[in-house]
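Visitor: Curious how this folds, go ahead:
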Amino acid sequence: MLGNLSLSMCQLNTLLTEIQHAINNRPLGYYGEEDFIITPNHFLGIKRDNFLPDVSSSNVPRNQGNVSTLVREWKKGNQYLEAFWSKWFAQYVQSLRERQDVRCKSGKGNQRVPKVGDVVLVRKPKCKNREMWPYGKIEKLYFGRDSKVRHVDVRLQNGFAVSRPVSWLYPFECCD
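Guide: Numbering: from 1, shown residues only. A predicted model of the protein is given here:
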């Protein structure tokens, strides 16, 4: 059961596999000068590009249903994943920024101020799937009248530079 929904064993297995992949593929930190992002999957020995199974293998079960059944099941699966991504964003991704506020309010540290050279996730408002958000390196800071950083220029991993408000930036879990 997922809320009021009842899932088949196959649907539950697929959903849990997708969730496991998303959790273990989240960026923990940035390493070196070669834009290498460390994820929990690196510690598990899983590479991003070999996550999907080889469908040419003879032991992969084949669905005997018709196309409309496959499409219906695919849409259902997407609804479950959408629910997961919404909760993921609301709870985990937001906590990346909130943990800095808690440290500051508790007196255990200073609130992290973005710096040139920091590597961050950059929110894409129309993309709820955090796994699809780009990451980039901060190149320039823009200060408000209150002398706080309000906006930054970020060079994304694809080479493009974008200008974003600080509220759209998310530090990695293991940044200092």
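Visitor: How is the chain divided into domains?
Guide: By the record's domain assignment, the chain is partitioned as 9-51+63-105, 119-171 (automatic domain parsing).
Visitor: ok, of these, where does mean pLDDT dip lowest?
Guide: Within the domains of the chain, confidence is poorest for domain 9-51+63-105, with a mean of 67 (mean pLDDT).
Visitor: what's the helix or strand hosting residue 16 packed up against?
Guide: Taking DSSP states H and E as the definition, one finds residue 16 inside helix 9-24. The helices and strands touching helix 9-24, judged by 3 or more C-beta pairs under 8 Å, 6 or more residues apart in numbering; DSSP states H and E, are helix 40-44, helix 67-88. Every C-beta, even on glycine, is put in place using the N, C-alpha and C of the backbone.
Visitor: now it against helix 67-88, angle please.
Guide: Going by axes from the mean of the first three to the mean of the last three C-alpha atoms, to 10 degrees, helix 9-24 is angled at 40 degrees with respect to helix 67-88.
Visitor: Could you tell me which residues within helix 9-24 count as buried?
Guide: By neighbour count, with 16 or more other C-beta atoms under 10 Å as the criterion, the buried positions of helix 9-24 are 11, 14-15, 18-19, 22.
Visitor: any chance of those in a markdown table, with distance to residue 122 too?
Guide: Listed next are these as a markdown table, based on distance: C-beta to C-beta, whole Å:
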| residue | distance to residue 122 |
| --- | --- |
| 11 | 33 |
| 14 | 29 |
| 15 | 27 |
| 18 | 23 |
| 19 | 23 |
| 22 | 18 |
